[in-house]
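In: okay, here's the prediction I keep looking at, along with the sequence it came from:
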Amino acid sequence: MISKIKEIKEVLIDKKRDWSQKRSKDWPKVREAHLKEFPVCAVCGCNVDVEVHHIKPFHIAPELELEPSNLISLCETKKYGVNCHLFFGHLGNYKTENLHLLDDVKRWQKRFEERKKQLKD
């Protein structure tokens with residue numbers, strides 16, 4: 001019931017989306033092309049269970065759904081104990097937008113690289 005109320009609020013008050021908003025028929029092709037070009041997680045470098053994440057969420061900015069600059073690859077493997085898609089992309093809640101995603105990716109990418117070096121030594 002509460003989720004339905006939140007959904008109605010998003011539509012009627014926040015104007016985040018409308019009831020008829022659906023994915024573009026071109027989304028599967030754009031997703032596939034993105035994964036072909038960026039097959040690994042932007043944070044940890046994992047190449048398993050990689051998802052295409054919208055930097056600006058589809059429900060907030062549907063006009064950016066197919067825009068390549070609005071897409072980033074994030075994994076769901078928990079390779080280093082973290083589901084990068086959930087943690088970095090959504091701050092632990094799939095309904096949340098990470099307004100600092102690109103900064104977080106750069107910062108944590110460096111940390112994962114440092115960790116890999118430590119494990120090699």
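Out: Arrived safely. Not measured: the values here are computed from a predicted model.
In: only C-alpha atoms from now on, for both contacts and neighbour counts.
Out: OK.
In: now L74. Nearest residue, chain neighbours left out?
Out: C41 (4.4 Å; Cα to Cα, 6 or more residues apart in numbering).
In: quick check, pLDDT for the one you found.
Out: Note on C41: pLDDT of 96.
In: tell me the phi and psi of it?
Out: Note on C41: backbone dihedrals following degrees, to the nearest 10 are phi -60, psi 130.
In: so S73 touches I55, yeah?
Out: No: using Cα atoms under 8 Å, S73 is not in contact with I55, being 9.9 Å away.
In: more neighbours: these two, which one.
Out: Neighbours per residue (other Cα atoms under 10 Å) separate S73 from I55, with S73 holding more: 27 against 22.
In: ok, the helix or strand containing that one: who's next to it in the sheet?
Out: Assigned by DSSP states H and E, S73 falls within strand 71-75. Take DSSP bridges as the rule and strand 71-75 pairs in its sheet with strand 50-54 (antiparallel).
In: any idea of the mean pLDDT in the strand it pairs with?
Out: 97.
In: so what touches it?
Out: By Cα atoms under 8 Å, 6 or more residues apart in numbering, the residues outside strand 50-54 that reach it are 31, 34-35, 39-41, 65, 70-77, 85, 89.
In: may I see the buried residues of that strand?
Out: 50-54 (16 or more other Cα atoms under 10 Å).
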